[in-house]
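In: Provide a 3D model corresponding to the input given below.
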Amino acid sequence: FIALFGVAVLNGVVLMAYILDLQKQGLSRAEAASQGAMIRLRPVLMTALVASLGFVPMALSTSAGAEVQQPLATVVIGGLVTSTALTLLVLPTLYVWEERLREAWAQRRGKAEEVSVPYGQEV
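Out: Model (predicted):
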């Protein structure tokens, strides 16, 4: 499970670091997230694939102790596949949505401040 968490976090950090770098170069948040996910697709997939392939012998073993190793390896491989999909699809989407939510909250806060000012007084 430590390997699973490590690979999942590493993939997320690699992707987000690249997205933030693209944003510093002048791309919008949505463009940076889209391009970052497309460009970092191969490194993220390779990292997850290497980690998953490392657990295949454990998942296929039939020797003594395999009844403990097989379920663990299966869960870790499934977790790596799931975390990779979440990293490439959900993480950039949430990053873009976060900006939109902040803008919506800022507009609501601005309107709430306008409404709370008594009539006839200036801010």
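
In: Return the helix or strand in this structure with minimum mean pLDDT.
Out: helix 91-116 (a mean of 80; mean pLDDT, DSSP states H and E).

In: Can you tell me which helices and strands that helix packs against?
Out: Packing partners of helix 91-116 (3 or more Cβ pairs under 8 Å, 6 or more residues apart in numbering; DSSP states H and E): helix 2-24, helix 29-39. Yep, even glycine has a C-beta here, placed from its N, CA and C like the rest.

In: Apply 6 Å and report the result again.
Out: helix 29-39 (3 or more Cβ pairs under 6 Å, 6 or more residues apart in numbering; DSSP states H and E).

In: Name the residues of the helix it packs on that are buried.
Out: The neighbour-count check on helix 29-39 (16 or more other Cβ atoms under 10 Å) flags 29, 32-34, 36-37 as buried.

In: Convert the C-alpha atoms of the helix or strand just after it to PDB, please.
Out: Following helix 29-39 in sequence order, the next helix or strand is helix 41-60 (DSSP states H and E). These are the backbone C-alpha positions of helix 41-60, laid out as PDB (Å, rounded to 0.1, in the frame of the first residue of the first chain):
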ATOM      1  CA  LEU A  41       0.300  11.100 -20.200                       C
ATOM      2  CA  ARG A  42       3.200   8.900 -21.200                       C
ATOM      3  CA  PRO A  43       5.400   9.500 -18.100                       C
ATOM      4  CA  VAL A  44       2.400   8.900 -15.800                       C
ATOM      5  CA  LEU A  45       1.400   5.800 -17.600                       C
ATOM      6  CA  MET A  46       5.000   4.500 -17.600                       C
ATOM      7  CA  THR A  47       5.400   5.000 -13.900                       C
ATOM      8  CA  ALA A  48       2.100   3.200 -13.100                       C
ATOM      9  CA  LEU A  49       2.900   0.400 -15.600                       C
ATOM     10  CA  VAL A  50       6.300  -0.300 -14.100                       C
ATOM     11  CA  ALA A  51       4.900  -0.400 -10.600                       C
ATOM     12  CA  SER A  52       2.000  -2.600 -11.800                       C
ATOM     13  CA  LEU A  53       4.300  -5.000 -13.700                       C
ATOM     14  CA  GLY A  54       6.400  -5.400 -10.500                       C
ATOM     15  CA  PHE A  55       3.400  -6.900  -8.700                       C
ATOM     16  CA  VAL A  56       2.400  -9.300 -11.500                       C
ATOM     17  CA  PRO A  57       4.700 -12.200 -10.300                       C
ATOM     18  CA  MET A  58       3.200 -11.800  -6.900                       C
ATOM     19  CA  ALA A  59      -0.400 -11.800  -8.300                       C
ATOM     20  CA  LEU A  60       0.300 -15.000 -10.400                       C
END
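
In: Alright, that wraps it up for me.
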